[in-house]
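Asks: need coordinates for the following:
(2 chains)
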Amino acid sequence: MTQAKFSRGLVPLSIVSVVLLVGGFAMVFFYAPNEADQGFVQKIFYLHVPLAIVALFGFVAGGVYGIRFLRSGDRTYDLRSYVAIHISLILAVGALITGSIWAKASWGSWWVWDEPTLVSFLIVFLLYACYQPLRFSIEDPERQARYAAVFAIVGGAFVPLNFMAVRAAESLVHPRVLSTTGGAMPGSMRVTFLVCLAGMALLFVTLNKYELTSKQATFALRALKRRLAGDDDWVPIRRSAAPQL
Amino acid sequence: MGPALPLDDAGPYVAAAYLVFLALVVIYVAIMAAKLSRISREIGELAELAARRDEEREAQRETVPR
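Replies: Residues are numbered from 1 along each chain as shown, chains lettered A, B, ... in the order given. You can find the predicted model right below:
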């Protein structure tokens, strides 16, 4: 295993993430104007859309790490893939809940089943919700890592395909944000949105690093415990969905 | 799509959305804190184990005749 220092730069990264997110949210309420059509409730946009975009990119990143794991056999990439998907799932939960709240306020309904954007995101979320149970169902760590990498690659490829399919589909009520016209947003709204998006992306990177550092510390501790206990007292690691380095 | 909600009606929805995000981050931090305290406790156990080993080695050295 490559002993990557996951904790490197964690403190400045955390500070920059907090500053960008808090700054972005301050811009949402004190700088960006109210949208003419939806009014104040459109402020949810600056939270909901970055959550969804970063979660989808995180799923793709999980697939990219899956490819790197299969190419190199380096278990660190399996860990990176696992953590990227884990954090993306948390952000996806946030995107689903905030989206539902926005839907209720704008459309009068918590969920619209015939809206392609909503349903496709739910499908992606449910697909990745199977990732951890899949890992947990495989006892052998080698096989677990390989199968999980294949899952992450297939899922990661599905995300952009899904995005393109939704673009091609006719939208009923959900607006299109990322279009060639920039969603027809005025400059102040666009800047605010980009700051929030950058803050969310940095939050994703920061949480990733926290999780990786915590996992690495746990592995190092476990290895030290085994060394101190001696080979006679060696106890096999309990079954886990998380990678075992 | 209906007309824009007045500020009084829209406010709770916006607050709820941002609070959900805050809650997710706080829950994550709480889980990380629990993990950190477990790691800290285990380090304490290892330190005790290492100290006990040192004592045993010291005792062995004293009992072995020169």
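Asks: what about residue 13, which helix or strand?
Replies: As the question left the chain open, I've gone with chain A. helix A:10-30 (DSSP states H and E).
Asks: that answer is for a different chain, and I need it for chain B
Replies: helix B:7-63.
Asks: cool, A:Ser100 as well?
Replies: Assigned by DSSP H and E, A:Ser100 falls in helix A:75-107.
Asks: what mean pLDDT does that helix have?
Replies: Mean per-residue pLDDT for helix A:75-107: 94.
Asks: next, the angle from the helix holding B:Tyr13 to helix A:75-107.
Replies: Counting by axes from the mean of the first three to the mean of the last three Cα atoms, to 10 degrees, helix B:7-63 lies at 160 degrees to helix A:75-107.
Asks: any part of helix B:7-63 near chain A?
Replies: Yes - between helix B:7-63 and chain A, judged by Cβ under 8 Å from any Cβ of the partner chain, the touching residues are B:7, B:9-11, B:13-14, B:16-18, B:20-21, B:24-25, B:28, B:32, B:35-36, B:39, B:42-43, B:46, B:49-50, B:53. No exception for glycine: its C-beta is placed from N, CA and C like everyone else's.
Asks: buried ones among those?
Replies: Buried members of the residues of helix B:7-63 next to chain A, counted by 16 or more other Cβ atoms under 10 Å in any protein chain shown: B:Ala10, B:Tyr13, B:Val14, B:Ala16, B:Ala17, B:Tyr18, B:Val20, B:Phe21, B:Leu24, B:Lys35, B:Glu42, B:Leu46.
Asks: what about the nearest residue to the fourth one once chain neighbours are set aside, how many residues close to it?
Replies: If I follow you right, that is B:Ala16. Residue nearest to B:Ala16 in three dimensions, not counting chain neighbours: A:Ile101, with 5.3 Å by Cβ to Cβ, 6 or more residues apart in numbering or on different chains. Counted with other Cβ atoms under 10 Å in any protein chain shown, the neighbours of A:Ile101 add up to 24.
Asks: at the contact with chain B, which residues of chain A appear?
Replies: Near chain B, when you scan chain A using Cβ under 8 Å from any Cβ, you find A:25, A:35-41, A:43-44, A:47-48, A:51, A:90, A:93-94, A:97-98, A:101-102, A:104-108, A:173, A:203, A:207, A:210-211, A:214, A:217-218, A:221, A:224-225, A:228-229.
Asks: out of these, which end up buried?
Replies: Listed as buried from the residues of chain A next to chain B are A:25, A:35, A:38-41, A:43-44, A:47-48, A:51, A:90, A:93-94, A:97-98, A:101-102, A:105-107, A:203, A:207, A:210-211, A:214, A:217-218, A:221, A:225; burial here means 16+ other Cβ under 10 Å.
Asks: just list what the lengthiest helix in chain A packs against, helices and strands only.
Replies: Taking DSSP state H as the criterion, chain A has its longest helix at helix A:187-229. Counting contacts by 3 or more Cβ pairs under 8 Å, 6 or more residues apart in numbering or on different chains; DSSP states H and E, helix A:187-229 is packed against helix A:10-30, helix A:45-72, helix A:75-107, helix B:7-63.
Asks: put together a markdown table for the ones you listed, with distance to A:Arg167 on each row.
Replies: Converted to a markdown table, those look like this (distance: least, Cβ to Cβ, whole Å):
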| stretch | distance to A:Arg167 |
| --- | --- |
| helix A:10-30 | 26 |
| helix A:45-72 | 13 |
| helix A:75-107 | 18 |
| helix B:7-63 | 25 |
